[in-house]
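1. Curious how this folds, go ahead:
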Amino acid sequence: MNETAYALGESRTLWELIDRRADLTPDRPVLVQAAAEPSGDRTLTFGELRDRAERVAAGLYERGVRPGTVVAWQLPTRIETALLSFALARLGAVQSPLIPFLRDREVGYALRESKAEFFAVPGLWRGFDHTEMARRLCAEGDNGINVFEAYASLPEADPAVLPPPPSDGTAVRWIYWTSGTTSDPKGVLHTDRSLIAGGSCLAHALHLTESDVGSMAFPFAHIAGPDYTVMLLLYGFPAVMFEHFALPASLDGYRRHGVTVAGGSTAFYSMFLTEQRRLPAGQKVSPTLRLLAGGGAPKPPEVYHAVVREMGCRLTHGYGMTEVPMITMGAPDDTAENLATTEGLPPDGMEIRITDADGNELPPGTDGEVRLRGEAVCQGYLDPAQSADAFDADGFLITGDLGHLRRTGHLVLTGRAKDIIIRKGENISAKEIEDLLHQHPAVGEAAVIGLPDAERGERVCAVVEQRAGTGGLSLDAITSYLRGEGLSPYKLPEQLEVVEALPRNETLRKVLKYKLRERFSAPSAPRER
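-> As a prediction, this is how the structure comes out:
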């Protein structure tokens, strides 16, 4: 047990956490910005993070940002972004982070709903003018939002002008946004304490030490941003930041800085595996890499086994969402069977209840709906009506995920309530079929969806990416394989679509199934079984 990390985890606010860590290890690096060339790399220590963030807080204060002021920011994964975020935490402002890839509809909605008074943007970034979009949206709304660029430089001033730092860690100071893939995004309300609780779960489960080197290959504006940063502050080790993550180009940064822990989501694991398979036997994508860790999307067991077998490192996967940044996490010293087939264990203070549709608790081993209660759970949504629908009478968050608890306490997810295909009145789990498809030697990635069908209600459609260098895939071959794996006949796909790439979002690379349903919902005449 790391007693220092556990003690730091009791901090009331994020600012208190960084202040205490900076006192302990001021000269130790916390953030390393990986550039295309080694000469462009930059490093920030824990002490510099605190001191510079306080100067930025003073600069923002002189511009009119006060405790409780709502500040939206849409910035890439950079040291400056972390500085701005911690400066706002020092002021006690309300932050509304936005993923840099969002555009007018989502950004405009978030600005209006959060009642943002300030909006920080990167200017021209990756060919898109964020400043022009921000000014256009603010002009349309006539809402007087103060737009400023915060990419390479930030406002700074003498910290003597600052009021005392916030002391209440249970006040809502964060508005995160759900993906909004099928409707308007929902504003999720978090506190400093809920983010610290989520990051503590990740940190303590992974058993990391101050000699480790982490990596941020995901948008800092994602809920994983504070999740990961809390881990750095608790255990006192650095992370390499990638403003634009792409393989194999980013591998030089991993090797150059000796990254030991990498990850993101299942799609990231698959990308690392692809690069590993391109190397001669005996070589590793990164010699120091010993652990892949992540969450945010289902992990087929075969992906776990492939990483361990081919990359020679451990893989721990967890379960989290925007509403609860970390719920469970696999631990490196757990059994291979648990690491391959479960989402890990919940931390102390996270209550998981599995219920039927009426909210009645179910015994271990019985599938039902996953409900959550604990300090890491959000305070609800910006829309009070959405909050009322999200929690049951006992204060448990209704996740919409399906699964069961093992007697050991490990959580097994079996799908989404909305990802159940109902064919002729029979419920079919898309995840069950996807896990089997991932074991097929010619399948790289797979998504299973239900499509409208006049006779059956829904038909089962498998959409796959074919692995390079393999032969053609056919529906007959796929169904024959699934039969051989013991899949019940009524669950077999009736439609197969082979695509070059599955549509994914830009954060944790989750598959956007609604786009697949839109694309392949045209009437067809699949064979009857």
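2. List the neighbouring strands of the helix or strand bottoming out on mean pLDDT in the chain plus their orientation.
-> One helix or strand of the chain scores below all others by mean pLDDT, DSSP states H and E: strand 426-429, with a mean of 77. Neighbouring strands of strand 426-429 in its sheet, by DSSP bridges, are strand 420-423 (antiparallel).
3. which outside residues touch stretch 227-235?
-> With contacts defined as CB atoms under 8 Å, 6 or more residues apart in numbering, stretch 227-235 is touched by 2, 5, 8-9, 14, 17-18, 21, 30-31, 46, 82, 195-196, 198-200, 202-203, 206, 208-210, 212, 214, 216, 238-239, 320, 325-326. Using the backbone N, CA and C atoms, a C-beta is placed for each residue, glycine as well.
4. For the least confident helix or strand of the chain, buried residues please.
-> Within strand 426-429, the residues scored as buried using 16 or more other CB atoms under 10 Å are Ile428, Ser429.
5. would you put the C-alpha positions of that strand in PDB?
-> In PDB, the C-alpha atoms belonging to strand 426-429 read as follows (Å, rounded to 0.1, in the frame of the first residue of the first chain):
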ATOM      1  CA  GLU A 426     -36.000 -13.600 -28.000                       C
ATOM      2  CA  ASN A 427     -33.400 -11.300 -26.500                       C
ATOM      3  CA  ILE A 428     -29.900 -11.500 -28.100                       C
ATOM      4  CA  SER A 429     -26.800  -9.900 -26.600                       C
END
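6. just to revisit the earlier point, out of the contacts of stretch 227-235, which end up buried?
-> The buried subset of the contacts of stretch 227-235 - by 16+ other CB under 10 Å - is 2, 5, 8-9, 14, 17-18, 21, 30-31, 46, 82, 195-196, 198-200, 202-203, 206, 208, 212, 214, 216, 238-239, 320, 325-326.
7. Now, the residues you listed that are in helices?
-> 5, 8, 14, 17-18, 21, 46, 82, 195-196, 198-200, 202-203, 206 (DSSP state H).
8. how close does Asp333 sit to Thr131?
-> 49 Å (CB to CB, to the nearest Å).
9. residues contacting Val499?
-> Val499 touches Val463, Val464, Glu465, counting by CB under 8 Å, 6+ apart.
10. so which strand or helix has the first one?
-> Secondary structure assignment for Val463, by DSSP states H and E: strand 457-466.
11. In contact with Glu279, which residues?
-> Small correction: residue 279 is Leu, not Glu. Val285.
12. Helices of the stretch 51-200 of the chain, residue ranges please.
-> 79-91, 104-114, 130-141, 192-206 (DSSP state H, counting those that start in this stretch).
13. before we move on, the earlier item: find out how far the least confident helix or strand of the chain is from the centre of the chain, if you would.
-> 27 Å (CA atoms, centre = their mean, to the nearest Å).
14. Hmm, Cys138 and Lys147 touching each other?
-> Actually, residue 147 is Val rather than Lys. Yes - with contacts counted by CB atoms under 8 Å, Val147 reaches Cys138, the gap being 6.1 Å.
15. shared neighbours of those two, anything?
-> Joint contacts of Val147 and Cys138 (CB under 8 Å, 6+ apart) are Phe119.
16. Could you verify that Asp252 is part of a strand?
-> No - with DSSP: H, G, I helix; E, B strand; the rest coil as the criterion, Asp252 is helix rather than part of a strand.
17. Would you state the helices of the stretch 301-450 of the chain in chain order?
-> 301-306, 336-341, 384-390, 430-437.
18. If you count neighbours, what's buried in the third one?
-> It stands for helix 384-390. So for helix 384-390, counting by 16+ other CB under 10 Å, buried means Ser387, Ala390.
19. Convert that helix to PDB, retaining C-alpha atoms only.
-> Written as PDB, here are the backbone C-alpha positions of helix 384-390 (Å, rounded to 0.1, in the frame of the first residue of the first chain):
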ATOM      1  CA  PRO A 384     -33.200  18.500 -13.600                       C
ATOM      2  CA  ALA A 385     -35.700  16.300 -15.500                       C
ATOM      3  CA  GLN A 386     -32.800  14.200 -16.800                       C
ATOM      4  CA  SER A 387     -31.500  13.900 -13.200                       C
ATOM      5  CA  ALA A 388     -34.800  12.800 -11.900                       C
ATOM      6  CA  ASP A 389     -34.900  10.000 -14.500                       C
ATOM      7  CA  ALA A 390     -31.300   8.900 -13.900                       C
END
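20. how distant is that helix from the center of its chain?
-> 23 Å.
21. Could you list every helix and strand in contact with it?
-> On a contact count with 3 or more CB pairs under 8 Å, 6 or more residues apart in numbering; DSSP states H and E, helix 384-390 meets strand 380-381, strand 397-405.
22. let's see 10 Å
-> Applying 3 or more CB pairs under 10 Å, 6 or more residues apart in numbering; DSSP states H and E, we find helix 384-390 packed against strand 187-191, strand 380-381, strand 397-405.
23. Comparing those strands, which comes out most buried?
-> Stretch with highest mean neighbour count among these: strand 187-191 (a mean of 22; mean count of other CB atoms under 10 Å).
24. now that one: mean pLDDT?
-> Taken as a whole, strand 187-191 has an average pLDDT of 97.
25. What pairs with it, parallel or antiparallel?
-> Sheet partners by DSSP bridges: for strand 187-191, these are strand 172-177 (antiparallel), strand 380-381 (antiparallel).
26. so how far is Thr322 from the closest residue to Gly400 other than its chain neighbours?
-> Among residues not flanking Gly400 along the chain, Ala417 sits closest, at 4.9 Å (CB to CB, 6 or more residues apart in numbering). According to CB to CB, Ala417 and Thr322 sit 17 Å apart.
27. Comparing those two, which residue is more hemmed in?
-> Shown here are Ala417 and Thr322; by other CB atoms under 10 Å, Thr322 has more neighbours (20 against 13).
28. Do I have it right that Ala116 meets Ala110?
-> Yes - the pair Ala116 and Ala110 passes the contact test of CB atoms under 10 Å, sitting 7.6 Å apart.
29. anything in contact with each of those two?
-> Ala72, Ser96, Leu98, Ile175 (CB atoms under 10 Å, 6 or more residues apart in numbering).
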